[in-house]
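>>> Quick one: sequence and predicted model below, then my questions.
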Amino acid sequence: MIIMGDDGFDPYAWHVGDPSDWGDGLAGVPDIPYMGYLHNGDDDEENDSDTIIDSRFIKRDEYSKKAWDYYLEFKEEDALYYIDLALDLDKSHSNNWNIKAIILEGMKRYQESEECYNRSLELSKSNVVYDNKARMLRAWAGHLLSESREKPNGLATLEEALEKNSNAINALSQGGEESIERFLSQKRVIESNIKYEKEYQKNVETLKTYDKSELFTIAGRQFYKINMQLTPGMSLKLVKEPDNEFDKDAIAVYVEDRKAGYVANNNYTKFELTSSASELQSKIKNVAHGEYLVYLLRLTDPEYPDIQFYIGRIIK
């Protein structure tokens, strides 16, 4: 995340909307007079007040510089401490809110980061801040996309990710200069995941209408090249292989007398609502018949299946 944009925006230079003493002189020397800047030789009471004001903003700039230095060193907690000190001295400084937003994003505190970006933009509209906000929202959407994979039903999380992506695109439309293509690409990925997640959840609900003892997962299809698409209702034949050198409980699965794989026999290869080959040993004869039910698929990326299961049902 950066705050120096293609337009030459410098976080430590004065910009329209900044207090006039915010300059690139980080030692605290203001570029232009601000609120009666103290001139040499003035010692009256009014100038004493101005000295206090100047000292406050000098300290503000020092804290802001420290915060940014700590952020660049990946010391977000220290960075947050100093940017809060700067904001305590001057809550009207738009770029310090921008810096705080960047720090919070680095800590994955996205909601707070968005609030700080909004505060910065309320004080001063900036293409760089709009871009930063859009990038943060895109990162937030990506975080939610990954988080959805860890949930039994990730649909609500995916829909939230799509909302953050839409907000990011909206931020760009308000004044950002970042290329929109990466944001549109992410939108397509999220929409694809939503489509597959809806289908996945629908199929899971279908499986719940059966008893677990009826269901099995077909594993190892990649090792048996059958040039046919499995379709719901397709006949399957299950054949026990007690002499199998790898697994005495092995049960082969055939489609039209061609081996299509095996009944999955461990928790890594079978779907949780189905029985393993070992569990089916006492429940079926040496040869049993079944039907293909459904294909379960969840995606992290449209091109790379993350979770996929072929599910069959024993008929007799």
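Cool, got the structure.

>>> longest single strand anywhere in this protein?
Counting residues, the longest strand found in the chain (DSSP state E) is strand 287-301.

>>> Beyond that strand, next helix or strand please.
Note on strand 287-301: by DSSP states H and E, the next helix or strand toward the C-terminus is strand 304-314.

>>> Now the most centrally placed residue in the chain. Nearest residue, chain neighbours left out?
Central residue of the chain (CA atoms, centre = their mean): residue 143, 1.5 Å from the mean position. Nearest non-adjacent residue to residue 143, counting by CB to CB, 6 or more residues apart in numbering: residue 108, 6.7 Å away. Every C-beta, even on glycine, is put in place using the N, C-alpha and C of the backbone.

>>> likewise residue 82?
In space, and not counting its chain neighbours, residue 82 is closest to residue 67: 3.9 Å by CB to CB, 6+ apart.

>>> Shouldn't that neighbour be within a helix?
Yes. Assessed by DSSP: H, G, I helix; E, B strand; the rest coil, residue 67 belongs to a helix.

>>> So that it lines up with my notes, have the first residue be 161 from now on.
Will do, 161 is the new start, and the previous item becomes residue 227.

>>> list the buried ones in the helix or strand where residue 275 lies?
Element membership of residue 275 [criterion: DSSP H and E] is helix 270-283. By 16 or more other CB atoms under 10 Å, the buried positions in helix 270-283 come out as 270, 273, 274, 276, 277, 279, 280, 281, 283.

>>> ok, now stretch 255-270?
Buried, per 16+ other CB under 10 Å, within stretch 255-270: 255-266, 269-270.

>>> Going toward the C-terminus from the host helix or strand of residue 316, what's the next helix or strand?
Element membership of residue 316, judged by DSSP H and E, is helix 315-335. Tracing the chain C-terminally past helix 315-335 and defining elements by DSSP H and E, one meets helix 341-367 next.

>>> Just the closest of the buried residues of helix 270-283 to residue 468, please.
residue 270 (30.8 Å; CB to CB).

>>> dump the residue contacts of the closest residue to residue 332 other than its chain neighbours.
Nearest non-adjacent residue to residue 332, counting by CB to CB, 6+ apart: residue 294, 4.8 Å away. Contacts for residue 294 (CB atoms under 8 Å, 6 or more residues apart in numbering) come out as 328, 329, 331, 332, 336, 338, 343.

>>> and which of the buried residues of stretch 255-270 is nearest to residue 446?
Proximity of the buried residues of stretch 255-270 to residue 446 (CB to CB) peaks at residue 270, which lies at 57.5 Å.

>>> residue contacts, the closest one?
For residue 270, counting by CB under 8 Å, 6+ apart, the contacting residues are 264, 296, 297, 299, 300, 303.

>>> how close does it get to residue 262?
12 Å (CB to CB, to the nearest Å).

>>> Could you figure out how far the helix holding residue 275 is turned away from helix 315-335?
Between helix 270-283 and helix 315-335, the angle comes out at 20 degrees (axes from the mean of the first three to the mean of the last three CA atoms, to 10 degrees).

>>> buried stuff in the helix or strand just after helix 270-283?
For helix 270-283, the following helix or strand on the C-terminal side (DSSP H and E) is helix 287-308. Across helix 287-308, burial judged by 16+ other CB under 10 Å covers 287-302, 304-305, 308.

>>> Just give me the neighbour total for the nearest residue to residue 358 once chain neighbours are set aside.
Nearest non-adjacent residue to residue 358, counting by CB to CB, 6+ apart: residue 315, 6.6 Å away. As a burial measure, residue 315 scores 15 neighbours (other CB atoms under 10 Å).

>>> Contact partners for residue 446?
Neighbouring residues of residue 446 by CB under 8 Å, 6+ apart: 399, 400.

>>> for it, phi and psi?
When read as degrees, to the nearest 10, the backbone of residue 446 gives phi -60, psi -30.

>>> How about residue 390?
According to degrees, to the nearest 10, residue 390 has phi -70, psi 130.

>>> Hmm, residue 455 and it touching each other?
Yes. Using CB atoms under 8 Å, residue 390 is in contact with residue 455, at 7.0 Å.

>>> between those two, what contacts are shared?
Both residue 390 and residue 455 are contacted by residue 470, under the criterion CB under 8 Å, 6+ apart.
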